[in-house]
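K.L.:
give me a model of this one.
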Amino acid sequence: MSYKNKIAGVDEVGRGCLAGPVFAAAVILNSKIDRTCLVDSKKISFEKRILLSKYIKNNSIYAVGVAEVEEINKLNILNASLLAMYRAIHKLKFRPSMVLIDGLFAPKKIKIKYKTIVKGDQKIPAISAASIIEKFRETYL
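P.N.:
Numbering: from 1, shown residues only. Take a look at the predicted model:
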């Protein structure tokens, strides 16, 4: 597999839930992956999300981070989401040269060049991929 540009897309899931942990995924796409199929996870069917999740996992480097309920209670949901993102980024097999994060905020401790992108899951294939992986995983908890 080829990873010319080690740009990671990051998204979280579970922030809107009333209970349970919050998760985040970080994805570095293989340069040969078909980016045209990577769209906002909320705009694709459950069945397609399953197929895309497998496709992404087989053609990318990815990692998942979590912040537990106790951390949410201690930090608040926003900071716990950012912690889950931080953990996902740092669990990646390769250190990305750039991180593109869905939303307005980035983890405070991040020491990698980054950019936050509002509605990034609708604009950036790597963020869409992270969203797809997380929404699929969330279904099977």
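K.L.:
drop to CA atoms for contacts and neighbour counts, all remaining ones
P.N.:
Fine.
K.L.:
so which elements touch the helix or strand bottoming out on mean pLDDT in the chain?
P.N.:
Least confident element among the helices and strands of the chain, by mean pLDDT, DSSP states H and E: helix 125-139 (a mean of 81). Contact here means 3 or more Cα pairs under 8 Å, 6 or more residues apart in numbering; DSSP states H and E; on that basis helix 125-139 packs against strand 7-13, strand 22-29, helix 46-58, strand 98-102, helix 120-123.
K.L.:
6 Å instead, please
P.N.:
strand 7-13, strand 22-29 (3 or more Cα pairs under 6 Å, 6 or more residues apart in numbering; DSSP states H and E).
K.L.:
what pairs with the first one, parallel or antiparallel?
P.N.:
Looking at strand 7-13 with DSSP bridges, its paired strands and their directions are strand 22-29 (antiparallel), strand 98-102 (parallel).
K.L.:
got the contact list for the last one?
P.N.:
Identification of contacts with strand 98-102 by Cα atoms under 6 Å, 6 or more residues apart in numbering yields Ile7, Ala8, Gly9, Val10, Asp11, Lys113, Tyr114, Lys115, Thr116, Ile117, Val118, Gly120.
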